[in-house]
Structures are given as structure tokens and as C-alpha cells.
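Participant: the sequence and its predicted three-dimensional model are supplied below.
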Amino acid sequence: MHKRILLSATLLFMISLSAGAYARASPWPVSDTTTRDSSIQKLTGFIKKISFGGVFQARYTGSLTKDVDVNGMYQPDAEEVVRNSFSIKRARLQAKAQVSDRFTAAVLINLAEFSGDTKGKVLENAYISYRWNDAINFTIGQFRPSFGLEDLYPVDIIQSMDFSNQYYAFGSNGWQSFQIGVSMFGSFNQESNLPMKYALSVVNGNNRNQASDNDNGKLGTARLEFGNMNKLSLGLNGGFGAVKRQNVYALGVDVSGVIPLAPKWDLQLQSEYKQGNNHQLYYALPDSIRSKEGVNRYIMDGVYVLPNFRYKINYKKLTSIEFSMRYEYFDENDKHDGAIRQSYIPMISLAFLKDYGGRVQFGMQIDQYNKDIPGTKTHNSNLLIIQGQCRF
């Protein structure tokens, strides 16, 4: 027994000496990170920094409309309609590795999506980025292509309860949200009075977590942004591609800015307009209907305005109190007699710590349609939402 312990101790001591000698011989400097990060760097010789983070969002939802459940589904003949519920909205974990001064790798997963059908879900970001300089950067993998304001923010720092209806519709059609492809982006004249940013992307366009593309067509997008988002900026977005051998397009324009009203009061303003083919709707139609018209006859468009008044309080851990009201008009089928949706999202938010490290939100989602369809979410509804958030 004593010999076995002595042999184990000798082997451990030799391994420690070898690892230390290898770390001293490594040409890469040791970064000022946690003990775990430094140990990884010493043993591998090339990783500079690994960081972990995430966000947790839990909410209570109550429906204030009879026969409409907490998901906005109208169920007039149901035996019991679930009109209030606690739920986990997001439980995200992210790992990001600064492999060198030019290479970065990132993975983001949402564990809350294990509560339902996980097909095409859970994995959100999974990409490698290469930085040449401020003007030339590349990303390949699964990421959010820049095609509007909402692609530039994570959902946990937006000034509303969730992303807009148009964001999810254009995401379902492959222009926004998480897609698989490649992107080139950069910025110019950042110290001048008119800084500019650009982003060019080519993606499969059939959404995230797919083994491969479902056709030979690809979607290409471009974004130009002029100005400073902390003051005033203008964004121009355009996209063109092919889906199942038919040409599709999308375009948009957005404006954002911050207007100081008083020493402690700011008005943050965001607004977007988008238009494009709704090819997801088109290819979901029966062949008898699709044979009469091409995808160019199926157009979606929408606009939203989101003013957010922020009072900077800085009282202990409470950093600000915010009041916002997002109005959105969205038509998923503009050239036909489809359902037009108007949404009103008033919200009061208490922000704690830096960058919404802690947050409590009180709001409503008021949806009004020009026509109601029983048994669907296309129905007038009023949802009360209370949400708690922690970023780490």
C-alpha cells in the first residue's frame, strides 16, 4: 500500500514539473484572467481567455380576455382555458473563447427550450470569428445576420417585453434571427462626425440547427449604418436570394437615437420598417393555390415605433426606471385579404446593476386584428406579463 502511494505521489510530482516546464516554454503571454482561465492557457499554450455568461428570464402571464389562453390562442369550445401561468422564458448559457488576437469562438444555448419540441431549437449561436482590422471581420457558423436594429441587441437588453412581430416573421423566412452561413462586417471613420458600419451575409435561410440547406438557393443580405446609436443613427437593409428556384427579396430602413431631456432623463427611440416576400407562408399553401400565383404575390410588411423614457436613479443597486410603449403594425400577406395585426406593448422596467444585470418588468401585450379566426392566435387578446431577469 505504501509503495502504491509513493508511486502515485512520484508520478503526480513529475506531471506537475512537466506541465510547469511546458507553460514556461510557451510563447504566449499569460492573460490576467481567473485561475481556471490561466491554467487552461498554460496547459494548451494558445488559449488567451475563456469567458462564460448567460441570462435567466422567468415570467408570469395572465390572459385578460375570455377564452384566450396565456399563449394568445383563442379556444371558445375548450373545457378549461389556461389563463394564467408561470414559465421560464429563457435560460441561456454562453461560452466564448478568445483563441488569439484574431480568432474568437462562441457557443450559446437556451436550456429553456428543452421544455417543448427541441427540433431546430436549443443551440442558438455557434460560430468562429476572424478579425483582420476594424474594417474587415469574418464570421462563419450559426449567428444572427445583421438585418435591422433588433439583430444588434440581445433580447435581454431591449426596451420591450420581447422582439417585434416583424422580427420573428422575417426570422422564419431566413432574413433575421439565428441562421447558418458566413458574414463579413466592419466599421469606418469611427472618430469622425459620420461613422459608418456595414455587414454582408450569405446564409442558407432555412433557420437554425439544420443538418444542411433544403435547396440550392441562398439568401444574401447587406446592411449600412450611418451615425452613432448612442446619439442618432440610420440603417439601410437589403436582401436578395432564391428559395426553391424562385427569387425572393427583403428590404428595410431603421432609425434609432438617444435624446437627453434632463440631467437624469433620456428618451431612447427606435423605429423600423420592413418589407419582403413571405415565402414560408407561400410554400405552406396547397399546390392548387400556389399554382395560380408566384411567391412575388406574397408580401409581408410592417413598422414599429418604440420610445423608451429612462430615469437614471442610481440608488444603491437600482440604476434606472424605464417607461416604454411599443406600437407595431404588421401585415403578413399584404396583397391578399389577410389578417392585419396591431400590437401595443406598454412596459415599466426596474433595472438593477450594470447592463440590466438584474431587471423586473411589468407590461401588457395588447393585440388587435382586423378579423378573428377561432381556434388560432389570430384573435384579439390582452396579456398581462410580469418578468424577472438576471444576467451573469
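Facilitator: Yep, it's here. Residues are numbered from 1 along each chain as shown.
Participant: phi, psi for residue 150 please.
Facilitator: Taking degrees, to the nearest 10, you get phi -70, psi -20 for the backbone angles of residue 150.
Participant: need the strands for the stretch 101-250 of the chain, in chain order.
Facilitator: Using DSSP state E, counting those that start in this stretch, the strands of the stretch 101-250 of the chain run over residues 103-110, 123-131, 137-143, 179-188, 196-203, 219-228, 232-243, 246-262.
Participant: of all the ones you listed, which one is nearest residue 57?
Facilitator: Across those, residue 57 has its closest neighbour in strand 103-110 (10.1 Å, CB to CB). To be clear about C-beta, it is placed using only N, CA and C from the backbone, and glycine gets the same treatment.
Participant: what's the average pLDDT for that closest one?
Facilitator: For strand 103-110, mean pLDDT rounds to 96.
Participant: next, the buried residues of it.
Facilitator: For strand 103-110, the neighbour count (16 or more other CB atoms under 10 Å) marks 104, 105, 106, 107, 108, 109, 110 as buried.
Participant: ok, the residue sitting nearest the centre point of the chain to residue 312 distance?
Facilitator: Note on the chain: the residue nearest the mean C-alpha position is residue 154, at 4.8 Å, using CA atoms, centre = their mean. Using CB to CB, to the nearest Å, residue 154 is found at 21 Å from residue 312.
Participant: likewise for residue 48?
Facilitator: Applying CB to CB to residue 48 and residue 312 gives a distance of 35 Å.
Participant: cool, residue 369 as well?
Facilitator: Separation of residue 369 from residue 312 (CB to CB) stands at 38 Å.
Participant: cool, residue 330 as well?
Facilitator: Distance check for residue 330 against residue 312: by CB to CB, it reads 33 Å.
Participant: which one's more surrounded, those two?
Facilitator: residue 330 (21 against 15; other CB atoms under 10 Å).
Participant: beta partners for the closest residue to that one other than its chain neighbours?
Facilitator: Counting by CB to CB, 6 or more residues apart in numbering, residue 330 lies nearest to residue 302, which is 3.5 Å off, once chain neighbours are set aside. Applying DSSP bridges to residue 302 gives these bridge partners: residue 274, residue 330.
Participant: show me where the protein has helices.
Facilitator: Here the chain has its helices, by DSSP state H, at 2-25, 35-44, 165-172, 279-283, 287-290.
Participant: ok, of the ones you listed, where does mean pLDDT dip lowest?
Facilitator: Of all these, the minimum mean pLDDT falls on helix 2-25 (a mean of 36).
Participant: ok so, going back, so the residue nearest to residue 330 touches residue 328, yeah?
Facilitator: Yes. If you go by CB atoms under 8 Å, residue 302 and residue 328 touch, sitting 6.4 Å apart.
Participant: so for the two, which residue has more residues nearby?
Facilitator: More neighbours surround residue 302 than the other of residue 302 and residue 328, with 26 against 21 (other CB under 10 Å).
Participant: can you give me the distance of that one to residue 264?
Facilitator: From residue 302 across to residue 264, the span is 34 Å (CB to CB).
Participant: between the strands of the stretch 101-250 of the chain, which gets nearest to residue 172?
Facilitator: Closest to residue 172 of these is strand 179-188 (CB to CB; 11.0 Å).
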